[in-house]
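J.: would you be able to build a 3D model of this:
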Amino acid sequence: MTAVKTAAKDFFRTAYDNRYTWDEKFPGYTADVTYKCGDAEFHGKAKVSPDPRMGFSGEITGIEDEEVFKAVKNQLWETAIHRVRRPFDKTHAKNSFEYGETKENGAVELMITNGAEGDRYEVADKGNGNEVTLVHRHMHGTVVTIHTQSSHQTGEGYLSHKYDSVYSDPKTGEPTSGVSLFEDEYEKVEGYSVLNRRAITPKDGSAPVAEFLFTNIELLK
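T.: Below is the predicted model of the structure:
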């Protein structure tokens, strides 16, 4: 009997459901935040709160420099929004998937053919379940491509540890930004994994490492 291949959408679901997310009881948290870049260093306070529209919202206080304020708030919001738990059938209700190539590293390409057309992913078996190792998505008039080099298991799903990202023009495919290298670290706070460090390094060395440190993390009561 010939084995029946798992439907592409169901195969992607296995990686989607294997991501680490916060459950519905997660109350949000506060933290001290430090931003370092070259000789510059700024300190402030961070707060992540439940938001009925977005899942969570981020707030930064104590940082007066506008560019640094935006940079810190963007990173806080980005990591929080990725921890929101949304049912697969709601997030990808309108999307149809089909298999693409199998890469040399064993990752399987999955392309969206209906819904968010032009988006594609790569999924690989990392030993503790399938993980998304590449994201190529159209967002707000641009395309972002993210390659994950390493991850770690929390026991409740995986979190990316090292990855890179680049933005490109959706019409030409030409890069509109340099490649940025990311490194994320997390700590357990009352059973929840929370980002405590993110370092962003331009691959071409055009700027110093930007480091975001979150300390004294406490869950909201």
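J.: give me the distance between the two termini of stretch 13-25.
T.: For stretch 13-25, the separation between the terminal residues is 23 Å (CA to CA, to the nearest Å).
J.: please work out the average pLDDT along it.
T.: Mean per-residue pLDDT for stretch 13-25: 95.
J.: contacts for that stretch, please.
T.: Stretch 13-25 is contacted by residues 82-85, 88, 91-92, 121, 123, 128-132, 154, 156-159, 192-193 when judged by CB atoms under 8 Å, 6 or more residues apart in numbering. (C-beta placed from N, C-alpha, C; glycine too.)
J.: quick check: what element follows the longest helix seen in the chain along the chain?
T.: Longest helix in the chain, counting residues (DSSP state H): helix 66-81. The helix or strand immediately downstream of helix 66-81 is helix 88-91, counting by DSSP states H and E.
J.: partners of the next helix-or-strand element following that following helix, with directions?
T.: Using DSSP H and E, the helix or strand that follows helix 88-91 in sequence is strand 96-102. Strand 96-102 sits in its sheet next to strand 108-114 (antiparallel), going by DSSP bridges.
J.: put the alpha carbons of the partner strand into PDB.
T.: The C-alpha atoms that make up strand 108-114 are tabulated as PDB, following Å, rounded to 0.1, in the frame of the first residue of the first chain:
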ATOM      1  CA  VAL A 108      10.400  21.200   3.100                       C
ATOM      2  CA  GLU A 109       9.200  24.200   1.200                       C
ATOM      3  CA  LEU A 110       5.500  25.100   1.600                       C
ATOM      4  CA  MET A 111       3.900  27.800  -0.600                       C
ATOM      5  CA  ILE A 112       0.600  29.600  -0.100                       C
ATOM      6  CA  THR A 113      -1.400  29.400  -3.300                       C
ATOM      7  CA  ASN A 114      -4.700  31.000  -2.100                       C
END
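J.: quick one, phi/psi of the spatially closest residue to residue 63 that is not a sequence neighbour?
T.: Excluding the flanking residues, the one nearest residue 63 by CB to CB, 6 or more residues apart in numbering is residue 44, at 4.0 Å. The phi/psi pair for residue 44 (degrees, to the nearest 10) reads phi -160, psi -170.
J.: my read: residue 44 touches residue 65, true?
T.: No - Residue 44 is not in contact with residue 65 according to CB atoms under 8 Å; the separation is 9.9 Å.
J.: give me the more crowded residue out of these two.
T.: residue 44 (19 against 13; other CB atoms under 10 Å).
J.: for the more buried one, name its beta-bridge partners.
T.: residue 33.
J.: mind listing what it touches?
T.: 32-33, 35, 60-63, 69, 72.
J.: so how far is residue 46 from residue 195?
T.: 10 Å (CB to CB, to the nearest Å).
J.: shared neighbours, the two?
T.: Joint contacts of residue 195 and residue 46 (CB under 8 Å, 6+ apart) are residue 214.
J.: is residue 137 bridged to anything, and to what?
T.: residue 144.
J.: offset the numbering so it begins at 359, please.
T.: That works, and once the first residue is 359, the last one we named lands at residue 495.
J.: sweet, I'm off.
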